[in-house]
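Trainee: test case, fold it:
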Amino acid sequence: MDKITLLIVKNLNFNQIMLKLLTPNEADKVFPDQVIYKTILLVALSTGLPLKDLIKLKWNAIFKYNSKGGAVCVENFNLNRNYDFPINEKIKNQLIQFYTSLNQPDFDKQIAESFKSPQTLDRWLLGTNIALGIRRVDKIDKDEWSEYRNEHLTQIIFGRRVVETCGHSNKTGKLLKGLFKIETNEQLFAFLGYDSKSEIKYDLSNLSIIENLNQRYSFGEPRSFLDDDKHFYALIKDSKKHYPFQHFQVFYDFLQNLSLHMYDIKNQGVLVLLMLSLTNGIRPSALLKLKWSDILCIPENKDTYVIKNKVSGLGHKAHKFYNTYDFEIKREFKYGRNLIKVDEKTETKIKLYCRLMLEDKKLNKKRKLERLFFSAETASLKGDCFVTNRLNPLTQNSLHREIQNTLQVTGFQHAEKFTTKSTQIMYGRRIIELKGLHSPTVKALKTHFNIRKTQNLFDFLYISNQKGKNTPAIKEFRTVFEHILYDI
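Mentor: Just a heads-up that it's a prediction; the model follows:
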């Protein structure tokens, strides 16, 4: 794979592309040609079919008439392949909107015939690149993206999405090789931009577990494989205790809606700790040793927080803080055996926490922040991230008490039910909710939580219906084509 293609596929996010394609856009009414590109792109990314085949696609391959004479999407389409390609409900709705905005062309015509002028393959590929958002990829200048053409790009994006969401197995490998007309696994890995199979890892950190607040339920509610009415309000069966968790998104929203500046340094740190723990499924105590150097980085050739010696009128040296906030938050970093990922909203909270700590006048007056953040005249970021109000590191022995105290201060009504395992349980249940009893996912969760047996994993997550005990058994997506759209 050439360097520019590898750069593109590593920076384009399948989820963001699909959400953009599914989001209503007033400009579609003004630029009908762009609607046609989006239609083909939506089908290409959800099926893995090559663009050169889809260019010849007729409207009747994806639409039919209902009993009232209206256009509706077919459930599956084949295109002379050995697979039936299911069409996701949300994609069906958008395809209907695209079709309607083009004034409902004749079913027997090719989609390409809806263009105002004839299209060459070169123009098709350029239009697809624009719809994909290639021009917004960093490190690609205008000349590069405007001249870039790759008729297999959508297939590469599709294939990498399959690997990310399903892992690599004989089943997925056979499907992808059949779709791409590739004979060997080595050729498949090279086609997708991987050096070898060892580079392909099914990692929980690749899963999108946070619902997009701006577009939540815009295209219908997400598929849920786990809805067993267990949360802080409910009593554990045959017990007087309540469940020590609530739904992942409910607690995530609670944390994100809090204003950090309303609380002291210790409580701010605990809230950031809970955000990182919740979104990565790592026990809070395991994150206590995080240093600022783990989370923050200093951009090259930029001013950062600097302490300079300044002689006062009395001849004594004094410290002066320069408010140039140019620390950058690492969006992902390795910590022990875990890969920590920082979502956009948590990144904003960490930046605010750092700024509030450095601007705290009481702390700065005592010059205690020097040993946390600074060495000599430049930032060293050598201190602990999570500290008490006296700037001593939080300890494991007091952590549970500190978490409950912080939650009580914020008005969280279930503070006394919260345990140090609550965030892990919410994280694990959220993944099962999204992916169901997907073997690679269950295996990855056992490894993540260091649990050997599947039954022990479900006991830890308070899931009792994985085998249908008194309730319907948890299922999973039937096909790869459903898996890749799990969070759409």
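Trainee: hey, let's count contacts and neighbours off CA atoms from now on
Mentor: Fine.
Trainee: so where's the stretch 201-350 of the chain shaky on pLDDT?
Mentor: For the stretch 201-350 of the chain, applying pLDDT under 70 flags the ranges 212-222, 298-327.
Trainee: okay, strands next: where are they in it?
Mentor: Under the criterion DSSP state E, counting those that start in this stretch, strands of the stretch 201-350 of the chain are mapped to 296-297, 307-311, 317-321, 328-329, 332-335, 338-341.
Trainee: only alpha carbons, please: show the fifth one as CSV.
Mentor: Looking back up the chat, that one is strand 332-335. Taking Å, rounded to 0.1, in the frame of the first residue of the first chain, the C-alpha atoms of strand 332-335 are listed here in CSV:
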residue,chain,number,x,y,z
GLU,A,332,-4.3,7.8,23.6
PHE,A,333,-1.3,6.5,25.6
LYS,A,334,0.1,3.3,26.9
TYR,A,335,-0.2,2.8,30.7
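Trainee: who touches that strand?
Mentor: Contact with strand 332-335 is made by 294-295, 339-342, as judged by C-alpha atoms under 8 Å, 6 or more residues apart in numbering.
Trainee: kindly recompute the last result at 6 Å.
Mentor: If you take C-alpha atoms under 6 Å, 6 or more residues apart in numbering as the criterion, strand 332-335 is touched by 339-342.
Trainee: pull out the buried members of these.
Mentor: Those of the contacts of strand 332-335 that meet the buried threshold are 340-342, by 16 or more other C-alpha atoms under 10 Å.
Trainee: I'd say Leu394 and Val387 touch.
Mentor: Yes. In this structure, Leu394 is within contact of Val387 by C-alpha atoms under 6 Å, at 5.0 Å.
Trainee: with distance to Gly69 as extra columns, can I get the contacts of strand 332-335 in TSV?
Mentor: Shown next, in TSV, are those (distance: C-alpha to C-alpha, whole Å):
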residue	distance to Gly69
Leu339	53
Ile340	53
Lys341	49
Val342	49
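Trainee: Thr47: which of these is nearest?
Mentor: Of all these, Lys341 has the smallest distance to Thr47: 28.7 Å, by C-alpha to C-alpha.
Trainee: count the residues that sit near Asp238.
Mentor: Neighbourhood size, Asp238 [other C-alpha atoms under 10 Å]: 6.
Trainee: how is this structure partitioned into domains?
Mentor: 3-159, 223-258+410-488, 261-395 (automatic domain parsing).
Trainee: any idea which residue sits dead centre in this protein?
Mentor: For the chain, Ser208 is the residue whose C-alpha lies nearest the centre (C-alpha atoms, centre = their mean; 3.4 Å).
Trainee: give the helix, strand or coil label for the residue nearest to that one when sequence neighbours are not counted.
Mentor: Computed as C-alpha to C-alpha, 6 or more residues apart in numbering, the closest residue to Ser208 that is not its neighbour in sequence is Asp487, at 6.6 Å. Classification of Asp487 by DSSP: H, G, I helix; E, B strand; the rest coil places it in coil.
Trainee: turn the buried ones among the contacts of strand 332-335 into JSON lines, including distance to Leu399.
Mentor: Formatted as JSON lines, those follow (distance: C-alpha to C-alpha, whole Å):
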{"residue": "Ile340", "distance to Leu399": "20"}
{"residue": "Lys341", "distance to Leu399": "22"}
{"residue": "Val342", "distance to Leu399": "22"}
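Trainee: on that earlier part again, which one of the contacts of strand 332-335 sits closest to Leu434?
Mentor: For the contacts of strand 332-335, the nearest to Leu434 is Lys341 (18.5 Å; C-alpha to C-alpha).
Trainee: so what's the closest one bridging to?
Mentor: Counting by DSSP bridges, Lys341 is bridged to Glu332.
Trainee: can you give me the buried ones in stretch 439-453?
Mentor: 440-443, 445-446, 448-449.
Trainee: hmm, back to that, distance of the residue nearest to Ser208 from Thr406?
Mentor: To Thr406, Asp487 is 32 Å away according to C-alpha to C-alpha, to the nearest Å.
Trainee: also Val30?
Mentor: As judged by C-alpha to C-alpha, Val30 and Thr406 stand 52 Å apart.
Trainee: could you do Ile17 as well?
Mentor: Ile17 is 38 Å from Thr406, by C-alpha to C-alpha.
Trainee: Phe481 too?
Mentor: Counting by C-alpha to C-alpha, the gap from Phe481 to Thr406 is 43 Å.
Trainee: quick one on the thing from earlier: who has more neighbours, Ile17 and Thr406?
Mentor: Remark: of Ile17 and Thr406, Thr406 carries more neighbours, 21 against 16, as counted by other C-alpha under 10 Å.
Trainee: what about the residue nearest to that one when sequence neighbours are not counted, neighbour count?
Mentor: Once flanking residues are discounted, Thr406 sits nearest to Asn267: 5.4 Å by C-alpha to C-alpha, 6+ apart. By the measure other C-alpha under 10 Å, the count of residues near Asn267 is 24.
Trainee: ok, Asn267 touching Leu407?
Mentor: No. The pair Asn267 / Leu407 is not scored as a contact, 8.5 Å apart, by C-alpha under 6 Å.
Trainee: ok so Lys64 is a helix residue?
Mentor: No. Read with three-state DSSP, Lys64 is strand and lies in no helix.
Trainee: start at 55 instead
Mentor: Right, with 55 as the first residue, what we last looked at is Lys118.
Trainee: may I have the phi/psi pair for Pro447?
Mentor: Backbone geometry at Pro447, expressed as degrees, to the nearest 10, gives phi -60, psi 140.
Trainee: run through the residues that contact the closest residue in space to it that isn't next to it in sequence.
Mentor: Once flanking residues are discounted, Pro447 sits nearest to Val441: 4.3 Å by C-alpha to C-alpha, 6+ apart. With contacts defined as C-alpha under 6 Å, 6+ apart, Val441 is in contact with 320, 447-448.
Trainee: what of Lys57?
Mentor: With C-alpha under 6 Å, 6+ apart, Lys57 has no contacts at all.
Trainee: any idea of the mean pLDDT for stretch 480-492?
Mentor: The average pLDDT for stretch 480-492 rounds to 93.
Trainee: residues contacting it, please?
Mentor: Residues outside stretch 480-492 that contact it (C-alpha under 6 Å, 6+ apart): 278-280, 302, 335, 529-530.
Trainee: where do the helices of the stretch 105-254 of the chain begin and end?
Mentor: For the stretch 105-254 of the chain, the helices defined by DSSP state H, counting those that start in this stretch occupy 105-108, 143-155, 175-186, 196-201, 207-220, 224-234, 239-246.
Trainee: quick one: the fifth one to helix 175-186, angle?
Mentor: Per axes from the mean of the first three to the mean of the last three C-alpha atoms, to 10 degrees, the angle that helix 207-220 makes with helix 175-186 is 40 degrees.
Trainee: go on, the last one?
Mentor: With the same axes, to 10 degrees as the criterion, the two stretches helix 239-246 and helix 175-186 enclose an angle of 70 degrees.
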